[in-house]
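Got a predicted structure plus its sequence, pasted below:
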Amino acid sequence: MRESSASANGSFTSAMTLIEEGLTYVPKRYVLPPSLRPDGTLCNTCLPIVDLSNRQHPLLRSQIIQDVHLACKKFGFFQVVNHGIPLSVMDNAIHAASEFFDLPTQDKRHLLTSNVCDPVRYGTSLNHVKDKVHFWRDFLKHYANPTSTWIDLWPSNPKCYKKKMVNYTMAAQKLQEGLMEVIFESLGLNTNYLHEDIAEGSQVMAVNCYPACPEPDLTLGLPPHTDYGMISIILQNHQGLQIMGQDEKWHSVPLIEGALTVLLGDHMEVLTNGIYKSVVHRATVNSEKKRISIVSLHSLTLGKKVRPASALVNEQNILSYKEGGFSDFLDFISGEDIVEAKYIDTLKINT
Ligand SMILES: O=C(O)CCC(=O)C(=O)O
Ligand SMILES: [Fe+2]
């Protein structure tokens, strides 16, 4: 029978536990219908890489702006190199995350919750209580900006977690502020647009762990989805992320040492009135290595709404989105199954 001792009867079994039990197959609840499985047909298109080293250079900045514009328009995605976050800060964050997931379940269980509004959440799949099909992922999510408000709630085990993770979350928040300026400039908006709201904005860290999987072709770490925020910055230690191109084919995001991945989210689609679209992406799993990804999700602060920039609404590009905010997204995911429904669809004005 394809079911392990730990079944999906409402009790909690992390993906890490299954591996520790020495499972040689994936339990039935993880097996996707054939049409949703990763079928291995991938495109080898060169994906955009933006080198930020010259972003303050008066003459060379315009090339960066142009690269960002093309990448956002065509893919809603790019990788950044020379972004200013030291390799040691990134490696330490991955290390702290990995140690957290290696802890025995009893040391993580107190963070277990299915309430999406809790500022610190440990869990598995998307929502292990509600999911019809499960995904091969354990996660820890916590708020990060501003640090002083949230850090006391972060895990204190492993001991190094707060110290190592905070160096990364603060650097990612700063990088995000610089990236937003570049993205706004690429749209012809003032670089100071929403400056304070962005500096005070929400930052949610989604720390994901995808253990090595005995049958990686039958399941996924995360199903196709878009992120809700303005941008997401992803740090990963192994390949596994795929993005959907305009050609509706999956493209694997390569692992480039030191690079970070930037994804445009639904609130960016709203702000640009659809000039830039949020990118559909998914996480695949592999049979050899545990993969860690640390996603820094940025949007405006909880009470604020994002609306289309008035400079981007005109006769050629008529108003196409309603305003939406982090709290609208939380309401949406409390009620909907995100495998079946999309948050961005609730924000579109049907003309
Ligand atoms: O693991 C990844 O690379 C992607 C994770 C992701 O898409 C998410 O947490 O929203
Ligand atoms: Fe995502």
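Great, that's in hand. Ligands and ions are numbered 1, 2, ... in the order given.

Nearest to ligand 1: which residue in the stretch 101-250 of the chain?
Closest approach between the stretch 101-250 of the chain and ligand 1, counting by C-beta to the nearest ligand atom: residue 241, at 3.5 Å. The way it works is simple: take the backbone N, C-alpha and C, and place the C-beta from them, glycine included.

What distance do you get for that residue to residue 77?
Residue 241 is 10 Å from residue 77, where distance means C-beta to C-beta, to the nearest Å.

again with residue 169
Using C-beta to C-beta, residue 169 is found at 22 Å from residue 77.

OK, contacts around the one residue sitting closest to the centre of the chain?
Residue closest to the average C-alpha location in the chain (C-alpha atoms, centre = their mean): residue 295, at 4.4 Å. Going by C-beta atoms under 8 Å, 6 or more residues apart in numbering, residue 295 touches 205-208, 227, 232-234.

Contacts (any at all) between ligand 1 and the biggest helix by length in the chain?
In the chain, assigned by DSSP state H, the helix with the most residues is helix 161-186. No: against ligand 1, helix 161-186 shows no contacts by C-beta under 6 Å from any ligand atom, the least distance being 13.8 Å.

Could you list every helix and strand in contact with that helix?
When contacts are defined as 3 or more C-beta pairs under 8 Å, 6 or more residues apart in numbering; DSSP states H and E, helix 161-186 packs onto helix 61-74, helix 87-102, helix 147-150, helix 195-199, strand 202-210, strand 231-236, strand 291-299.

Please produce CSV containing those, extended by distance to residue 334 and mean pLDDT.
Output for the helices and strands packed on helix 161-186, formatted as CSV (distance: least, C-beta to C-beta, whole Å; pLDDT from 0 to 100):
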stretch, distance to residue 334, mean pLDDT
helix 61-74, 30, 97
helix 87-102, 25, 98
helix 147-150, 21, 98
helix 195-199, 24, 96
strand 202-210, 15, 97
strand 231-236, 21, 98
strand 291-299, 17, 98
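
Let's have those in JSON lines, adding distance to ligand 1.
Shown next, in JSON lines, are the helices and strands packed on helix 161-186 (distance: least, C-beta to the nearest ligand atom, whole Å):
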{"stretch": "helix 61-74", "distance to ligand 1": "18"}
{"stretch": "helix 87-102", "distance to ligand 1": "11"}
{"stretch": "helix 147-150", "distance to ligand 1": "18"}
{"stretch": "helix 195-199", "distance to ligand 1": "20"}
{"stretch": "strand 202-210", "distance to ligand 1": "4"}
{"stretch": "strand 231-236", "distance to ligand 1": "5"}
{"stretch": "strand 291-299", "distance to ligand 1": "3"}
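
Quick check: which of the ones you listed is nearest to residue 223?
Counting by C-beta to C-beta, residue 223 lies closest to strand 202-210 out of the helices and strands packed on helix 161-186; the figure is 13.1 Å.

how much distance is there from stretch 14-31 to the middle of the chain?
Put simply, stretch 14-31 sits 24 Å off its chain's centre (C-alpha atoms, centre = their mean, to the nearest Å).

how about the CA coordinates for it, as PDB?
Provided in PDB are the C-alpha atoms of stretch 14-31 (Å, rounded to 0.1, in the frame of the first residue of the first chain):
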ATOM      1  CA  SER A  14       6.700  16.700   7.700                       C
ATOM      2  CA  ALA A  15       8.400  15.700   4.500                       C
ATOM      3  CA  MET A  16      11.700  15.600   6.400                       C
ATOM      4  CA  THR A  17      10.100  12.900   8.700                       C
ATOM      5  CA  LEU A  18       9.200  10.700   5.800                       C
ATOM      6  CA  ILE A  19      12.800  10.800   4.600                       C
ATOM      7  CA  GLU A  20      14.100  10.000   8.000                       C
ATOM      8  CA  GLU A  21      11.800   7.000   8.100                       C
ATOM      9  CA  GLY A  22      13.700   5.800   5.000                       C
ATOM     10  CA  LEU A  23      10.700   5.800   2.700                       C
ATOM     11  CA  THR A  24      11.500   4.500  -0.800                       C
ATOM     12  CA  TYR A  25       8.300   5.800  -2.500                       C
ATOM     13  CA  VAL A  26       6.200   8.800  -2.200                       C
ATOM     14  CA  PRO A  27       2.900   8.300  -0.300                       C
ATOM     15  CA  LYS A  28      -0.300   8.400  -2.300                       C
ATOM     16  CA  ARG A  29      -1.300  11.900  -1.000                       C
ATOM     17  CA  TYR A  30       1.800  13.400  -2.800                       C
ATOM     18  CA  VAL A  31       1.100  11.800  -6.200                       C
END
